[in-house]
Every structure is written in structure tokens, then in C-alpha cells.
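Colleague: Sequence and predicted model, in that order:
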Amino acid sequence: MTDDIWRLAADWFAENARDLPWRRPGTTPWGVLVSEVMSQQTPVKRVAPAWEAWLDRWPTPADLAAEPTGEAIRMWNRLGYPRRALRLHAAAVAIATDHDNQVPTTIAALEALPGIGTYTARAVAAFAHRQRHPVVDTNVRRVVARLAGRPDAGMATTPADLRAAEQLLPPGEEDAAVTSAALMEIGALICTARAPSCAECPLAAVCEWHASGEELPEGPSRKPQKYTGTDRHVRGLIMAVLREADLPVPRVSLDGVWHEAERRERALAGLVADGLVAVEDERYRLP
DNA sequence: AAGCCGTGGAT
DNA sequence: TATCCAAGGCT
């Protein structure tokens, strides 16, 4: 029974996969890596146009590595979490320098790159290099949990999650890679967090959660995060100013972003410490 | 190992 | 309007 779940997913995927730009034939491993980093906590819909512009400008890691980090941050624009742009730049430098400008093919080498963790390393290995690995993101965790009768997964990916996903994969590398993409797509389009469409789900017949009545969890599946008025908020406001600025700006130009000086100072100091902002004789700019 | 790290759309 | 959530990673 469980050994044909992958076929249900893969057959559905063949008919229903979104036409995402990085799924086009000819996409390089670098293109896949960029798409995965951009998609960390950012909806794929918003990533697509940014990905096109990025790959058009920097077709290989060496092209990006040759630029100042500030160019990556500005190009990142409003995708959010701009430290990802910084780490992607650092990853490009590492690939160009240590890997002959070729995206690594082993999980260990991928995880050694900045900004590449458990999920992204396996996603690149599977989708770029067509290897067999459990690719466990928030979508897959939810799908796997519901197949087993639970309404949702835990807060973070665990080794048990990887083992559970691995057991759904067929033995063949290419089949496994397709299955991983299919499970993610089902989670993103059908088995969604708040309004799942079980009537259209290719896995409904083998899903314990569906069989037991589709009870949605009560509280949020992740700890709710404050945002308004936090450092994160003010950091974002400061970065927005600096992205738009053509020249270094004096500190007074940043005073308008938030009314509390103390929080402004702390946010700015944090951005400088993170390497997202450079200070040049009392003026501030992207690095 | 909880908490931090942006942004915007949907409900 | 407020909350939830979206192809997570790092410390």
C-alpha cells in the first residue's frame, strides 16, 4: 500500500506541476540553488520574477562573486531576510574559489556553504543533481504528518521527519527526485495549512488524516512572532532607505524611519555587525 | 535550543 | 484589524 504512494504523487505532479521558471529545461545547478535560497520563507510566487532578474545578471557563481555584497543586497530588493542575500553571495565566493565554479554535489559540501542547511542542501542535490534524498520542507512535513493521521507537523524539522520522508521515496534516483518535488507541490497547492483541498488530493485514498475527518489544529503551527515595532521591523525600514539611496547617507537621514532613537540605534548597530550596512566617515551605505 | 531574522498576501 | 503563514538557517 505505502509503496505506491510515490506513484500517486509523481503521476499527479506530471499533470499539475506549476510552470516555475527554474523548472524549465536548461536550468543550471546554480539556478536551482538560487531558487531554493530565495524561497526560504518567501512565497514562490514572489520569488519567480526576482529569480529571473538574478540569473540574467549573474549566470554563474563567479559572476556574483565578482560583485560587492551590496549589489546582491540591492538586487535582493524586498524578498525579505536580506542576510540570505549576503550568505548567497558568500556561497558564490566559496563555489567560485573552492569548487571550480561548480555547485557541489554532496550533502556535506552543500551544507558547508553559508545559508545552505538541511533542507536546501538536499533540495539542490535532488533537483539539480537528480539524487535520492529526503527533501523535507514545511510542505513535506505537513503532508507526511497528515498521511500518518496527524493534523500538522512539529515546529522544526527533526531526524525523524527525514526518515519518514525517506521511506516514501522509490529506489530510483530520478523517481525519488520527482517524488520529492511532487510531495512539496502537493503540500503547497493541495495539502495547505489552513484550507486543504482533500477532494482534489491524489493521496486522499491513503491519507489517515483524511480518513479520520480532517480535523484542523487549533493554534498556530509555529510560534507567532511579533513584528511591528521590533528590531526586525526597524532593520527593514533602514534597509529600505539604503537600498534606494544612490549615495551614502548621514545618520540623520535614517532618523525618520522610527520614532524611538534607542531602537533605531540598536537596529542600525545590528545591521552593521551583520555586514548588511557599511559605515564610511559618518555616513551609511550598502557594503 | 528557543529566539531572531523581512516582507506581503490571504483570511 | 490582527493573525497566520510562506521551498529555513543560524546562534
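Modeller: In hand now; what should we look at?
Colleague: Please enumerate the helices of the stretch 1-150 of chain A.
Modeller: A:5-16, A:29-38, A:44-57, A:61-65, A:69-76, A:83-98, A:107-111, A:118-127, A:138-147 (DSSP state H, counting those that start in this stretch).
Colleague: between the first one and helix A:138-147, what angle do the directions make?
Modeller: Inter-element angle recorded for helix A:5-16 and helix A:138-147: 130 degrees (by axes from the mean of the first three to the mean of the last three C-alpha atoms, to 10 degrees).
Colleague: Please compute how far helix A:5-16 lies from its chain's middle.
Modeller: 23 Å (C-alpha atoms, centre = their mean, to the nearest Å).
Colleague: Quick check: closest non-adjacent residue to the residue in the stretch 101-250 of chain A that DNA strand B sits nearest to.
Modeller: Here the stretch 101-250 of chain A gets closest to DNA strand B at one residue, residue A:236, 1.7 Å apart by C-beta to the nearest atom of the strand. For glycine as for every other residue, the C-beta is placed from the backbone atoms N, C-alpha and C. In this structure, residue A:236 finds its nearest non-sequential neighbour in residue A:80, 7.9 Å apart by C-beta to C-beta, 6 or more residues apart in numbering.
Colleague: list the contacts for that neighbour?
Modeller: A:41-42, A:236 (C-beta atoms under 8 Å, 6 or more residues apart in numbering).
Colleague: quick one: which of these is most hemmed in?
Modeller: Using other C-beta atoms under 10 Å as the neighbour test, the contacts of residue A:80 are led by residue A:236, with 18 neighbours.
Colleague: Quick check: nearest residue in space to residue A:184, chain neighbours excluded?
Modeller: residue A:139 (4.8 Å).
Colleague: Tell me if stretch A:38-58 is near DNA strand C.
Modeller: Yes - using C-beta under 7 Å from any atom of the strand, stretch A:38-58 comes into contact with DNA strand C via A:39-44.
Colleague: mind giving me CSV with these and columns for pLDDT?
Modeller: Shown next, in CSV, are those (pLDDT from 0 to 100):
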residue, pLDDT
A:39, 98
A:40, 98
A:41, 96
A:42, 97
A:43, 96
A:44, 96
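Colleague: Make sure residue A:135 is actually in contact with residue A:168.
Modeller: No - the pair residue A:135 and residue A:168 fails to qualify as a contact (C-beta atoms under 8 Å) at a distance of 10.8 Å.
Colleague: anything in contact with each of the two?
Modeller: Once C-beta under 8 Å, 6+ apart is applied, the residues that residue A:135 and residue A:168 both contact turn out to be residue A:183.
Colleague: Between those two, tell me which one has more neighbours.
Modeller: residue A:135 (29 against 21).
Colleague: Identify the residues contacting that one.
Modeller: A:119, A:122-123, A:126-127, A:165, A:180-181, A:183-184.
Colleague: Over to residue A:207?
Modeller: Counted by C-beta under 8 Å, 6+ apart, residue A:207 has contacts A:146-147, A:198, A:201.
Colleague: Report the residue ranges of every domain in chain A.
Modeller: A:29-127, A:231-285 (automatic domain parsing).
Colleague: Is DNA strand B within reach of the first one?
Modeller: Yes - if you take C-beta under 7 Å from any atom of the strand as the test, domain A:29-127 does meet DNA strand B, through A:41-43, A:46, A:78-83.
Colleague: one step back: adding mean neighbour count as columns, could you present the helices of the stretch 1-150 of chain A in a markdown table?
Modeller: As requested, the helices of the stretch 1-150 of chain A are exported to a markdown table (neighbours: other C-beta atoms under 10 Å):
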| stretch | mean neighbour count |
| --- | --- |
| helix A:5-16 | 17 |
| helix A:29-38 | 24 |
| helix A:44-57 | 15 |
| helix A:61-65 | 20 |
| helix A:69-76 | 20 |
| helix A:83-98 | 21 |
| helix A:107-111 | 16 |
| helix A:118-127 | 24 |
| helix A:138-147 | 23 |
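Colleague: Distance to residue A:247 added to these, as TSV?
Modeller: Rendered in TSV, the data for the helices of the stretch 1-150 of chain A read as follows (distance: least, C-beta to C-beta, whole Å):
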stretch	distance to residue A:247
helix A:5-16	49
helix A:29-38	28
helix A:44-57	22
helix A:61-65	24
helix A:69-76	13
helix A:83-98	21
helix A:107-111	38
helix A:118-127	35
helix A:138-147	40
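Colleague: Can you tell me which of those helices is nearest to residue A:214?
Modeller: The minimum distance between residue A:214 and these falls on helix A:138-147, with 8.6 Å, by C-beta to C-beta.
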